[in-house]
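Asker: Need a 3D model of the following:
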Amino acid sequence: MKEIIVALGRAGRSLVRRDIFWHLLWPGLLSMLLWTVLAVLAWTPVTDGLYAWISGWSWVGGWLSASEATAAVTLVLVKIAVALALVPLVYVTAALLVAAIALPLMLERVGRRDYADLEQRRGGSNLGSAWNSVVAGVLFVVALLLSLPFWLIPGVGLVASILLTGWLNQRAFGYDALMLHADRDELERLRSAQRAPMLLLGGAGAMLAYVPVINVIAPAFSGLSFVHYLLEALRRERLNHGVALLDPASAHLPRNPQ
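Answerer: As a prediction, this is how the structure comes out:
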């Protein structure tokens, strides 16, 4: 838990850096703009379609048709569920933008300044990052769609959203944070060994998605916190295995053993 708090603190410290802040901001703003436009255009068809779908369930249709009040409450719950679903959709879109574009740029800057003692072994690649992000995004959307009927139960939507988004964070950002500095074995080993704390760290980022104003930078901030958490874990692992760290003063051009 201490390592997670340290990583969040370091990510917060990185917020004030001019070469980092813009990459924290633009993915969230672009994603919000995109989904706001889509929500305005598709709100009525989507909510009406979902209500009609639910009304078609054999064990629900008769219940709804028997009471106007019940039907009205159900329609309100459908609209609330759709509104809640927009939050993870905005987040996943911003997170994929972060993973594909912003995080590699932030990783280079953060690594050069805060982890210059770590040799860059480049066990990952931009292609691997893109593929990992696509798979994570598809699995997230499928799980989100499968969980939607349960969102009509008050509270379930919020919990499901946080759990799914926390999983998305650790799946997408766990690869990107290590791809530059870890070799292939280290990348796989650390992602496996750190899965539980990464889920906690991902859940913390997911909860920020529901905090007004902060939610704009939540995906990129979460990605940045994974960079700090996993690079520090990589540093500890190399020290525990007796691997000498680089001299930061002479580590600006780390060699590539690949």
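
Asker: Distance of A218 relative to L190?
Answerer: Distance from A218 to L190, counting by Cβ to Cβ, to the nearest Å: 24 Å. Bear in mind the C-beta positions are built from the backbone N, C-alpha and C, glycine included.

Asker: same question, E119
Answerer: Distance of E119 to L190, computed by Cβ to Cβ: 15 Å.

Asker: cool, N169 as well?
Answerer: N169 is 16 Å from L190, by Cβ to Cβ.

Asker: Which one's more surrounded, the two?
Answerer: Applying other Cβ atoms under 10 Å to N169 and L190 shows that N169 carries more neighbours, namely 30 against 20.

Asker: thought the more buried one was touching G202?
Answerer: Yes. Using Cβ atoms under 8 Å, N169 is in contact with G202, at 3.1 Å.

Asker: list residues touching both of those two?
Answerer: Jointly contacting N169 and G202 under the rule Cβ atoms under 8 Å, 6 or more residues apart in numbering are S222, F226.

Asker: what's the distance between P45 and A81?
Answerer: Relative to A81, and taking Cβ to Cβ, P45 is found at 15 Å.

Asker: ok, the two, which is more surrounded?
Answerer: Neighbours per residue, other Cβ under 10 Å: of P45 and A81, the larger number sits with A81, 20 against 9.

Asker: quick one: contacts for V138?
Answerer: Neighbours of V138 in contact, by Cβ under 8 Å, 6+ apart: none.

Asker: where along the stretch 151-258 of the chain do the helices fall?
Answerer: In the stretch 151-258 of the chain, the helices defined using DSSP state H, counting those that start in this stretch lie at 156-178, 184-193, 195-208, 218-240.

Asker: That concludes my questions; thank you for your assistance.
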